[in-house]
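1. Structural data only, the sequence is not supplied:
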C-alpha cells in the first residue's frame, strides 16, 4: 500500500489511526465482497486462499489474527467456519474506503440535516479560550461567537455522513495544555447554514456526542440571526476544502 495512505507508524494521511495490518486488507476486502458484512458466510480456507492468491496456511493465520484482534467473528457451521466482519472490522474498511475515495474522487461538499437542540453550554467556555480563539481566527478567518450550535442527527444517512467527516482532511485546531489540564484538538470544515450563515463544523477529540451530533462554530449567534428554536430542522453544507466554499447569500 502507498505510504502516503498508510504510514509505517499506522497513521493515515488524515492523521487517523490505522490498526489493521496491511497484509490483512485483501482478506477483509474479499470477505466484504462475499457478503460477510451482514451475515456469517461459509467458505473454506482453501477457497478463500485461491480467491486472494495466498497460501492456505497464510490465510488460516490471518483469519486467526483477525479474530483475536476483534475484526472478525468465526462460527462453526458443520464442517466449515462461518465468517462475519465485526463492527470494528467494518470501521477499518470504511476508513480505507474513505481515504481512497477522498484521494481519488474527493467530493467538494456534504449536506447534512439535523434537529436543533440546546447543549450543555460548554461550547461558550471552549470557544472563548484564547488558544482556541486565536486558531479559529488564523485558520478559519473569523472571530468565533462564544458558543456552538448543536444539531442532533436523526437519520442513518446523516450519521453516516458525520462519520465520514472523520476520514477527510480538514482544518486542524491543535490541542494545548495549561497549568491545570490539557485540551483536546479538533478538525473543522467550513460550512454554510441554511444557505445563509457561514461558519464551520467542528469534529472535537473530546465530545459527549459521538456521531449523533454536529457542532457548528460561527462568527454570530446563528439561532438568533435565523430565528431558530429547539426542534427546528437545519441544513448544513459542509465543504471539504476552502476552494469549494461559495459566498453566503447574506452578509455575516
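-> Structure's in. What do you need? As the structure is a prediction and not an experimental result, all values here were calculated from the model. Numbering: from 1, shown residues only.
2. which residues in the stretch 151-252 of the chain form strands?
-> 171-173, 176-177, 182-183, 186-193, 197-204, 213-217, 233-239 (DSSP state E, counting those that start in this stretch).
3. Next, the angle from the fourth one to strand 213-217.
-> Note on geometry: by axes from the mean of the first three to the mean of the last three Cα atoms, to 10 degrees, strand 186-193 and strand 213-217 are set 80 degrees apart in direction.
4. ok, strand 186-193: who's next to it in the sheet?
-> Partners of strand 186-193 in the sheet, by DSSP bridges, are strand 171-173 (antiparallel), strand 197-204 (antiparallel), strand 233-239 (antiparallel).
5. winner for burial among those strands?
-> strand 197-204 (a mean of 24; mean count of other Cβ atoms under 10 Å). No exception for glycine: its C-beta is placed from N, CA and C like everyone else's.
6. roughly how far out does it sit from the chain middle?
-> Averaging C-alpha positions (Cα atoms, centre = their mean, to the nearest Å) puts strand 197-204 14 Å from its chain's average.
7. quick one on the thing from earlier: could the strands of the stretch 151-252 of the chain be laid out in CSV, adding distance to residue 77 and mean pLDDT?
-> Formatted as CSV, the strands of the stretch 151-252 of the chain follow (distance: least, Cβ to Cβ, whole Å; pLDDT from 0 to 100):
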stretch, distance to residue 77, mean pLDDT
strand 171-173, 47, 91
strand 176-177, 52, 90
strand 182-183, 49, 90
strand 186-193, 43, 93
strand 197-204, 40, 91
strand 213-217, 40, 94
strand 233-239, 43, 96
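8. Now render the strands paired with strand 186-193 as a markdown table, adding distance to residue 127.
-> Shown next, in a markdown table, are those (distance: least, Cβ to Cβ, whole Å):
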| stretch | distance to residue 127 |
| --- | --- |
| strand 171-173 | 11 |
| strand 197-204 | 9 |
| strand 233-239 | 17 |
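9. Ok, which of these comes nearest residue 111?
-> Judged by Cβ to Cβ, the one of the strands paired with strand 186-193 that comes nearest to residue 111 is strand 233-239, at 5.3 Å.
10. Now residue 195. Its backbone dihedrals?
-> phi 60, psi 20 (degrees, to the nearest 10).
11. do you know how far it is from residue 230?
-> Going from residue 195 to residue 230 by Cβ to Cβ, to the nearest Å gives 21 Å.
12. and if you look at residue 126?
-> 21 Å.
13. which of the two has more neighbours?
-> Each of residue 126 and residue 230 has its neighbours counted (other Cβ atoms under 10 Å); residue 126 has more, 21 against 11.
14. nearest spatial neighbour of that one, skipping sequence neighbours?
-> residue 132 (6.1 Å; Cβ to Cβ, 6 or more residues apart in numbering).
15. And residue 107, how close does it get to residue 239?
-> Residue 107 is 10 Å from residue 239, by Cβ to Cβ.
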